[in-house]
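>>> make a model of this:
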Amino acid sequence: MDTALLLSALTMGFLGSFHCIGMCGAIALSLPVQQLSGWRKSLGILYYNTGRVLTYGMIGWLSGSIGKAVSFPGWQQKLSIILGLLLLLICCLTLRKKAIQAPAFIQKHWNNRIIGYLAPLFRQPTLRSTFLIGLLNGLLPCGLVYMAIAGAIAVHHPYQGMLFMMSFGAGTMPAMILVGLTGHMLSLRLRNSIRRSAPYVIGVMGLLLVLRGANLNIPYLSPKIVQDKMQCCHR
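Below is the predicted model of the structure:
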């Protein structure tokens, strides 16, 4: 995998983690770990975040598989460029304060189903329940996750797609662990400053995808893609 894309996923996750606090912070603060003592409380919070990252990894595997399925000759570059342009468009819309939301059907039916599975787990103060909460939390619709999925599709490989999404998830972990351990967020001013940086990170990622598909023969940034040619042998 391109190092630049991997770092972009990690950075996008880190800067976007303050968006995650707003979306998933209530879940992190409601984890059934208060009844756990000492190191078990910290371990429960770690289990929760590990579950999230593993779910992102599974989504990345599926996304990379989709990318591989459509990466027939000529489409590998085109798909990367299309996804890059999509991220640039989303970056522009975000900077213009245009909210990006999941379709109403997903918000209503999918969210309700996941929340229905989550609710009983919050009444079980065990490490297993915190891990399962994390696994299910990773399935909740999130605009930032959609951006990471676009990047995972563009890498055209299941394993690399998994690494891409897990790097994104790892980037979100420091802030989410901090919230779980301390029970409060960082200062509002600092959080808002970092949140305002997130669209620019998405824009940089979009540019990287466009350059990657441009086939400019620039090591790591825009590597040369050599299409395989079918050879026929005649006896």
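
>>> ok, longest helix in the protein?
helix 39-69 (DSSP state H).

>>> which is the next helix or strand following the least confident helix or strand in the chain by mean pLDDT?
Least confident helix or strand, the chain: helix 104-105 with a mean of 61, by mean pLDDT, DSSP states H and E. Note on helix 104-105: by DSSP states H and E, the next helix or strand toward the C-terminus is helix 111-121.

>>> which residues does that next one contact?
Helix 111-121 is contacted from outside by Ile27, Pro32, Ser129, Leu132, Ile133, Leu136, Asn137, Leu139, Leu140, Pro141, using CB atoms under 8 Å, 6 or more residues apart in numbering. All C-beta atoms are positioned from the backbone trio N, CA, C, and that covers glycine.

>>> and what about the fourth one, helix, strand or coil?
Three-state assignment for Leu132 (DSSP: H, G, I helix; E, B strand; the rest coil): helix.

>>> what score does it have for pLDDT?
Per-residue pLDDT puts Leu132 at 95.

>>> okay, it and Arg123: tell me how far apart.
Noted for Leu132: a distance of 12 Å to Arg123, by CB to CB, to the nearest Å.

>>> so for these two, which sits in the more crowded spot?
Leu132 (19 against 8; other CB atoms under 10 Å).

>>> quick one: which of the contacts of helix 111-121 is most hemmed in?
Most surrounded of those: other CB under 10 Å gives Ile133, at 25 neighbours.

>>> please name the residues that touch that one.
Ile27, Leu31, Tyr48, Gly51, Leu118, Leu121, Phe122.

>>> next one: it from Leu144, what distance?
Taking CB to CB, one finds Ile133 at 19 Å from Leu144.

>>> and Lys78, how many neighbours?
Around Lys78 there are 12 residues (other CB under 10 Å).

>>> name the nearest residue to it, ignoring sequence neighbours.
Gly213 (6.7 Å; CB to CB, 6 or more residues apart in numbering).

>>> my guess is the one you found meets Leu79, correct?
Yes - the criterion here is CB atoms under 8 Å, and Gly213 meets it with Leu79 at 7.3 Å.

>>> hey, what's in contact with both of these two?
Taking CB under 8 Å, 6+ apart as the criterion, Gly213 and Leu79 both touch Ala154.

>>> after the host helix or strand of Ala175, next one along is what?
Per DSSP H and E: Ala175 is located in helix 158-182. Under the assignment DSSP H and E, the closest C-terminal helix or strand after helix 158-182 is helix 188-214.

>>> mean confidence score for that next one?
74.

>>> now the angle from that helix to helix 158-182?
180 degrees (axes from the mean of the first three to the mean of the last three CA atoms, to 10 degrees).

>>> so which other helices or strands are in contact with helix 188-214?
If you count contacts as 3 or more CB pairs under 8 Å, 6 or more residues apart in numbering; DSSP states H and E, helix 188-214 packs onto helix 3-29, helix 75-95, helix 143-154.

>>> include mean pLDDT and distance to Gly169 when you put those helices into TSV, please.
Converted to TSV, the helices and strands packed on helix 188-214 look like this (pLDDT from 0 to 100; distance: least, CB to CB, whole Å):
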stretch	mean pLDDT	distance to Gly169
helix 3-29	73	6
helix 75-95	78	18
helix 143-154	82	8
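
>>> so for Val155, what's the pLDDT?
81.

>>> is it correct that it is in contact with Leu6?
No - contact between Val155 and Leu6 fails when scored by CB under 8 Å: they sit 9.4 Å apart.
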